[in-house]
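**Q** Requesting a structural model of the entry that follows:
(2 chains)
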Amino acid sequence: MGSYLVKRLAYSLFVIWGAVTIVFVVVRMIPGDPAQLMVGAEGTRADVEALRHRFGLDQPLPVQYVRYLGQAAQLNFGDSLRLEVPAAEAVSQRLPATALLAATAMVFGVGVSMPLGILAAMHRQSIIDRAVSVVSLLGQSVPNFWLGIMFILIFARGLRWFPSAGTGGVDHLVLPAATLALLLIGVLTRLVRSGLLDVLDEEYVRSAYAKGLTLRRVISRHALPNMLIPVVTVVGLQLGSLLAGAVIVETVFGWAGVGRLLVDAISNRDYPIVQVAILFITTGFILVNLLVDLSYAYLDPRIRYR
Amino acid sequence: MRLRQRRRARRLAAWAIPIAIFVVVAVVGPILVPYDPVTVRLGERLRPPGAVLADGTRAWLGTDQVGKDLVAQVLQGARISLLVGVATVVAAGAIGMAAGVPAGYFGGALDSFLMRFADLQLAFPSLLLAILIAAVLGRSVTNVIITLSVTRWVTFARVTRATTLATREREFVMAARATGANTNRIMGRHIVPLTITPLIVVATVELGLVILAEASLSFLGLGTPPDHPSWGLVIANGRNYLSTAWWISTIPGIALSLVILSVGLFGDQLNDFLNPKTVSK
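**A** Predicted coordinates for the structure are as follows:
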């Protein structure tokens, strides 16, 4: 377990370095001089040069890169070009809002897909099964930004059950989290259903029936624990699209998270914020998948890491 | 046996009908109801679906915030979706094949380099990478295609590599090698044709994802420019008029969902058709 952990950690670090580098390269290709943009139309040439020097934009690219790597290791990404605070700080302030949104969506998603998938598998080929597969197909097909707008139209403007935008109490959280959860529901319901059907063919399930256990007990004690691994894997992998989806959902609902900060920063050409936002989201995704890998041994005692 | 084969093919063709309709609408629609990006009719703004306009015509799907007919926009949007979807899948498939076949065939350093790079890219949530690249390239239809090809080639590369790995040890490849065929010929004539079938399944799935990604980018203002009304863009435009004109955002979204849904359904059927052993229960 120890050496596996080290190897897996080293690999995660490598991937994070890769992400840092890709972001650096891509961001430097943005046309338009951020210094010029900040100074505005009435700024003089000297103002622009001074700003470029202050942010190190006048150095050659390799120098910028080495400096950037050194600073990234200390989580120092420079000040936001707009907000005049350290970029890492500006993004960190928004992290809890995004984490809350993603976590709530995940709870919604798992909470809806598990029962739906189990129900569909128990009543295979019935009306219920068909209905569930329609729901999961819709979940995979309906664009979440549009769904969010429809939710606003129906539940905020029409029925006035929830506020249409903003960050605040639980009522502000419901619509964005439900929108984001749909993404997960589509994928997960299908997986739970087919995973359960696979497991139900196994010998140990047949023996459990032979012992006289009820369907309910066979599923909860024998079948479900054995299909958790694919479910956990997919939930971990889906976290990436959930976080990317959060960028869009936050824009739709005006939720003050990292995603909205990122979209705003892109239109302002605020390099440091863009870098930090993308890096934090990507790193979160990588770390969660690391945890998912490590949790396999716990979920399935047959798996032993060497 | 043959009869069953034919019946399965016919069922597959039935699932392709919605996609065929989409293609026809995208190709023919804008010719019948041309989209005019310039003319603004402020007197006709925010008219509801079915309203009769001052010139006597009927706006079946209503008009938007500057008085443009939504029918024309939805048809034009279909064309943009189809164009971006097909162009991206073809480009990403070509890149993926160009990387995947040599990686699988030669193995070694080339393979590990390409696959490590693919892993790196997969560590990014793909939409996030698309947002980053699209922001750099700026708004245009071509740039959306470039962005999405760059973010989606990995899947194609992985699938081609896997097929190539399985194929390269097959007897006919060894026979070709024994007869003295050179490497390019073996890859081009013997391996590439076998990678096509799995690629088609992947391409169908990817087509839906690409259309969705294009709409998302355009919704964020990072996709097609304002004179190219992609569905995502029209939906974004309608956001400010939700209380007065629900139809602007609603209608293109229905079109978009239907297209993605039919592509998804067809993809499932195609997969079952080509891999009958793994038919979903």
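**Q** Can you tell me what sits against stretch B:90-101?
**A** Counting by Cβ atoms under 8 Å, 6 or more residues apart in numbering or on different chains, the neighbours of stretch B:90-101 from elsewhere in the structure are B:114, B:118, B:145-146, B:148-149, B:152-161, B:163-164, B:187, B:191-192, B:195, B:199, B:202-203, B:206, B:210. In this view, the C-beta of every residue, glycine as well, is placed from N, C-alpha and C.
**Q** Quick one: mean pLDDT for that stretch?
**A** For stretch B:90-101, the mean per-residue pLDDT is 93.
**Q** Might you list the low-confidence residue ranges for chain B?
**A** Counting by pLDDT under 70, chain B contains low-confidence residues at B:1, B:276-281.
**Q** Report the buried residues of the longest helix seen in it.
**A** Of all segments of type helix in chain B, defined using DSSP state H, the longest is helix B:70-106. With burial defined by 16 or more other Cβ atoms under 10 Å in any protein chain shown, the residues of helix B:70-106 counted as buried are B:70-89, B:91-93, B:95-97, B:99-105.
**Q** Over to stretch B:136-149?
**A** Using 16+ other Cβ under 10 Å as the burial criterion, the residues of stretch B:136-149 that qualify are B:Val136, B:Leu137, B:Arg139, B:Val141, B:Asn143, B:Val144, B:Ile145, B:Ile146, B:Thr147, B:Leu148, B:Ser149.
**Q** next one: stretch A:79-91
**A** Along stretch A:79-91, the positions that meet the burial threshold by neighbour count (16+ other Cβ under 10 Å) are A:Asp79, A:Ser80, A:Leu81, A:Arg82, A:Leu83, A:Pro86, A:Ala87, A:Ala88, A:Ala90, A:Val91.
**Q** average pLDDT across that stretch?
**A** If you average the pLDDT over stretch A:79-91, you get 81.
**Q** Give me the distance between that stretch and the centre of its chain.
**A** Between the mean C-alpha point of stretch A:79-91 and the mean C-alpha point of its chain there is a distance of 22 Å (Cα atoms, centre = their mean, to the nearest Å).
**Q** Same question for stretch A:255-263.
**A** Centroid separation between stretch A:255-263 and its chain, computed with Cα atoms, centre = their mean, is 13 Å.
**Q** got a list of contacts for that stretch?
**A** Outside stretch A:255-263, the residues that reach it (Cβ under 8 Å, 6+ apart) are A:90-91, A:94-95, A:97-98, A:101, A:165-167, A:172, A:176, A:243, A:246-251, A:254, A:273-274, A:277-278, A:280-281, B:131, B:220.
**Q** hmm, back to that, just the buried ones from the contacts of stretch B:90-101, in ChimeraX syntax?
**A** Provided next is the ChimeraX selection string for whichever of those are buried by 16+ other Cβ under 10 Å:
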select /B:114,118,145,146,148,149,152,153,154,155,156,157,158,159,160,161,163,164,187,191,192,195,199,202,203,206,210
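**Q** thinking again about what came up before, of all the buried residues of stretch B:136-149, which comes closest to chain A?
**A** When the buried residues of stretch B:136-149 are compared for distance to chain A (Cβ to the nearest Cβ), B:Val136 comes out closest, at 4.9 Å.
**Q** I'd say the closest one and A:Val26 touch.
**A** Yes - proximity of B:Val136 to A:Val26 meets the contact threshold set by Cβ atoms under 8 Å, at 5.7 Å.
**Q** need the next SSE after the longest helix of chain B, C-terminal direction.
**A** Sequence-wise, the next helix or strand downstream of helix B:70-106 (DSSP states H and E) is helix B:108-123.
**Q** Which residues of the stretch 151-281 of chain B lie near chain A?
**A** By the rule Cβ under 8 Å from any Cβ of the partner chain, the part of the stretch 151-281 of chain B lying against chain A is B:208, B:212, B:215-216, B:219-222, B:232, B:235, B:238-239, B:242-243, B:246, B:249-250, B:253, B:256-257, B:260-261, B:264-265, B:280-281.
**Q** dump the residue contacts of residue 188.
**A** Going with chain A. When contacts are counted by Cβ under 8 Å, 6+ apart, A:Leu188 touches A:Gly109, A:Val110, A:Ser113, A:Met114, A:Gly117, A:Val231, A:Val234, A:Val235, A:Gln238.
**Q** You answered for a different chain; I wanted chain B.
**A** Counted by Cβ under 8 Å, 6+ apart, B:Gly188 has zero contacts.
**Q** quick one: what helix or strand has the residue nearest to B:Gly264 when sequence neighbours are not counted in it?
**A** Across the structure, with Cβ to Cβ, 6 or more residues apart in numbering or on different chains as the measure, the residue nearest B:Gly264 apart from its sequence neighbours is B:Gly208 (5.2 Å). When elements are defined using DSSP H and E, B:Gly208 is found to belong to helix B:192-219.
**Q** on contacts alone, who are the packing partners of that helix?
**A** In this structure, helix B:192-219 packs against helix A:144-151, helix A:228-253, helix B:70-106, helix B:126-137, helix B:141-167, helix B:231-238, helix B:247-274, with contacts taken as 3 or more Cβ pairs under 8 Å, 6 or more residues apart in numbering or on different chains; DSSP states H and E.
**Q** Identify each buried residue in the last one, please.
**A** Of all the residues in helix B:247-274, those buried under the rule 16+ other Cβ under 10 Å are B:247-253, B:255-257, B:259-267, B:269-273.
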